[in-house]
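Chemist: Following is a predicted model, sequence given first.
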Amino acid sequence: MPIHVDIESRSYIDLTKAGAHAYAEDAEVLICCWAVDDGEVECWTILDDEPLSKVLPLDHKACAHNSQFERVVLAGARNVKLHTEPEAWDCTATRARMMNLPASLADAAQALGLEHQKDRRGQALIRKFSIPPFTEPDPEDKDWLDFIDYCKQDVEVERELSRKLKKMAQPEVWYQDQRINDRAIYLDGALIDGAIAIDTAHRERCMSQLRELTGLDNPNSTAQLQGWLNNNGVEIEDMRKATIQSLNPSDYTPEVAEVLTLRQQLSQTSSKKYHAMKVSTCSDGAARGILQYYGAGNTGRWAGRRIQPQNLARGTVKATSTLRDTIKTGDLDWLETLYGDDVQGVLGSALRSALIPPKGQSILISDYSAIEARVLAWLAGEEWVLEEFRGDGKIYEATAAKMYGVNKADVTKAQRQNGKGATLGCIAEGEGVLTNKGIVPIESVTCDMLLWDGVEFVGHDGLIFKGYQEVIEYEGLRATRDHIVFTSEGECRFDHAAESGKRLIQSGSGGETLRVAGGHNPREKVRVYDILNAGPRHRFTVSGRLVHNCGFGGGAGAVQAFGIEGSIAQKVVTDWRAANPNIRKYWYDCMRAAKRGSVVNPKLPRVEYKRNRSWLMCKLPSGRILYYPNARPTDNGFESNGRKIWHGILVENIVQAVARDLLANALMECEKEGLDVRFTIHDEIVCYGDPDQLPLLEEVMCRLPEWADENLPLNAEGEVAPWYLKG
């Protein structure tokens, strides 16, 4: 018999910025409503004489929407202190995300057409009673009575939603996630305070200089500054960060160049993470609740919240003890004396090092090696790739050897680079691709869209997901270092263009003449993509820059871009495709199975699709199910709530989800071995502990769950650090 619970509370701490754990330290519960199974909704308020702990019947399994909030606040609020373990709770928000439904109670209820709907008046009542300055509860105040009714209505909505949703999949993994979120990630308060002081001083100085240079009252106003730039020869359509960063100050007069340089500094946002760390810090100097279970789409991968460790910038210099000590002084002039005038870049370089272990311990970091490539080869039965991973794992050399028809030991450095380009080279998630339907994020490009290749709109063979990789940013484009780009001096690798300062070719806006663009910033590891066979010229437009469709799913033109002679280019393409027939076949097998509602291939790790009038469902080898709501078949695949699903997306989701299930299994194994997991980032586990525990962490991550056979070769590599280093 479940008990459905909802609370309303107040605190001087901003919940949206600080998170539930820091919020709870200052919170008071104002209203608590609950219903046992089908019973009447009952209510307690702060005006009652009896303490809540005496009347709330938590001897049943409790269910709430975003139950971490209820659990943490009930345990930490000044007027309650009711501690319960994660195993005592269920969460309808998590279950909604599992079914690829909206996470908010209002939107989930609307999506499922529930009889009970969330009362939209609640936000005004929350502002009155829960956000400073508070209005004190008054039993004669109609708004207070409405607030009680609002809380009761939430219980009704949550109860009906719970009945509509599937049960929690892998509840033991969710419990483990909740325990990890409750644990502390200690923060270096002195480093954070020093960085905020330097950032504040730097921004004030930049703004003062901008006012002096432009004569504007408020150069922080995008409208005012854009007008000034347009009047001074800088023709830009907007003031977005990517637009500003793409401009080369040296193209303009000294005055305009200085304005652009200052604006580019101010547009960097790494320092905002220090403010997020500061406000998220609990009374013991640690942050909690920074991971979002099932936060990354319907694959079930973890996402970050507030501090978002997944998105901490890599920075421009190495995070050394000297750098950290310099920032701790809070002295802007001293930082510039030692590290130059790229203040925001230097501050960003120390962000990761703000995550520290407790005294006497180290941070243990272990990352799966090429997990997406391994999982895809295992799912598709691409045996030569699996054999390579079972051996020395030199997948780039092995790819080049097959392309060139030589022994792996004889692969030259140049050939290895081409093999790496075939395996990797790709574009970062979120980069805008110019299509006949406007600028579209690369991850949303579908086969029915035409791409601008600098001359005309051309067709293509679809999107390829290539996992999480490190990218760099140069002249407004984010891509892997080895992606081929067009420059004023010809074609070359992206990192070579950035290091030599070569100007990237702009491809216009779907009809303009090709022209040269007008800075190289390291970036973090992100999701990356490529596109197959983008027209006869094998190129397309990303963030206004012309790039090749790299990877040997492309044609001979793409292969020539990697320096391979035209006379053998087509043979290389043919050989590369021939080397990976099972992976290519797997794409189309998945779509056929999805259309039919059948097993993809009974001879391979079991992946099974089922369909009904409302859902497309994919059952993974682990038994977990991926959901596509309102999935409607189309000529090229499916459409799910306006999102086009084609074979590449299906396979991407499966690979990502299986990699996630392996990580989840590793987290459970870590718990059994007593390893102190504090957070995960992409395919990485981060623990506190002694250095001699690192081999155990690496070994635990390679343990296969019962649903995976020994044909799946896993490898994890780690390091010991005095603060967090990677990501």
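Modeler: Thanks, I have the structure now. Residues are numbered from 1 along each chain as shown.

Chemist: Where does the prediction get shaky in the stretch 251-400 of the chain?
Modeler: The model of the stretch 251-400 of the chain has no residue with pLDDT under 70.

Chemist: can you pull out the helices in it?
Modeler: 254-267, 270-280, 321-328, 332-339, 343-349, 371-380, 383-390, 395-404 (DSSP state H, counting those that start in this stretch).

Chemist: which parts of the fifth one are buried?
Modeler: Residues of helix 343-349 classed as buried: 343-349 (neighbour count, 16 or more other CB atoms under 10 Å). Glycine gets a C-beta too; all of them are placed from N, C-alpha and C.

Chemist: how far out from the middle of the chain is the helix or strand hosting residue 127?
Modeler: Using DSSP states H and E, residue 127 sits within helix 122-129. Averaging C-alpha positions (CA atoms, centre = their mean, to the nearest Å) puts helix 122-129 31 Å from its chain's average.

Chemist: average pLDDT across that helix?
Modeler: Across helix 122-129, the average pLDDT comes to 96.

Chemist: who's in contact with it?
Modeler: Helix 122-129 is touched from outside by 8, 10, 30, 135, 137, 143-144, 146-147, 150, 154, with contacts defined as CB atoms under 8 Å, 6 or more residues apart in numbering.

Chemist: which two in those residues are spaced the farthest apart?
Modeler: Greatest spacing in these, by CB to CB: 135 and 154 (19.9 Å).

Chemist: And these two? Which one has more around it.
Modeler: Neighbour totals were compared for residue 135 and residue 154, and residue 154 leads with 25 against 16 (other CB atoms under 10 Å).

Chemist: ok, and for the helix or strand hosting that one, which residues are buried?
Modeler: Per DSSP H and E, residue 154 falls inside helix 142-164. Under the neighbour-count criterion of 16+ other CB under 10 Å, helix 142-164 has 144, 146-162, 164 buried.

Chemist: again with stretch 379-390
Modeler: Those buried within stretch 379-390 under the rule 16+ other CB under 10 Å are 379-382, 385-386, 388-389.

Chemist: Same check on stretch 116-134?
Modeler: Within stretch 116-134, the residues that qualify as buried are 118-119, 122, 125, 128-130, counting by 16+ other CB under 10 Å.

Chemist: Let me have these in TSV, extended by distance to residue 15.
Modeler: Converted to TSV, the buried residues of stretch 116-134 look like this (distance: CB to CB, whole Å):
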residue	distance to residue 15
118	18
119	19
122	14
125	15
128	16
129	14
130	9
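
Chemist: now, which of the residues you listed sits nearest residue 84?
Modeler: Nearest to residue 84 among the buried residues of stretch 116-134, with distances taken as CB to CB, is residue 130, at 22.4 Å.

Chemist: Just give the nearest non-adjacent residue to the closest one, would you?
Modeler: residue 10 (4.5 Å; CB to CB, 6 or more residues apart in numbering).

Chemist: Burial check on residue 179, number of neighbours?
Modeler: The tally of other residues near residue 179 (other CB under 10 Å) stands at 15.

Chemist: ok, now residue 38?
Modeler: By other CB under 10 Å, 8 other residues sit near residue 38.

Chemist: and if you look at the one 4 residues further on?
Modeler: Residue crowding around residue 42 was assessed by other CB under 10 Å; the count is 16.

Chemist: still on that earlier bit, is the residue nearest to residue 130 bridged to anything, and to what?
Modeler: residue 28 (DSSP bridges).

Chemist: any idea how far residue 651 is from it?
Modeler: Separation of residue 10 from residue 651 (CB to CB, to the nearest Å): 48 Å.

Chemist: Equivalent analysis for residue 540, please.
Modeler: 21 Å.

Chemist: The two: who's more crowded?
Modeler: residue 540 (28 against 24).

Chemist: relative to its centroid, which residue of this protein is most remote?
Modeler: Centroid-distance maximum for the chain: residue 140 at 47.4 Å, with CA atoms, centre = their mean.

Chemist: Can you check what pLDDT the model gives that residue?
Modeler: Residue 140 is given a pLDDT of 96.

Chemist: That one belongs to a strand, doesn't it?
Modeler: No: counting by DSSP: H, G, I helix; E, B strand; the rest coil, one finds residue 140 to be coil, located in no strand.

Chemist: thinking again about what came up before, put together a markdown table for the contacts of helix 122-129, with pLDDT on each row.
Modeler: Formatted as a markdown table, these follow (pLDDT from 0 to 100):
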| residue | pLDDT |
| --- | --- |
| 8 | 98 |
| 10 | 98 |
| 30 | 98 |
| 135 | 97 |
| 137 | 97 |
| 143 | 97 |
| 144 | 98 |
| 146 | 97 |
| 147 | 98 |
| 150 | 97 |
| 154 | 97 |
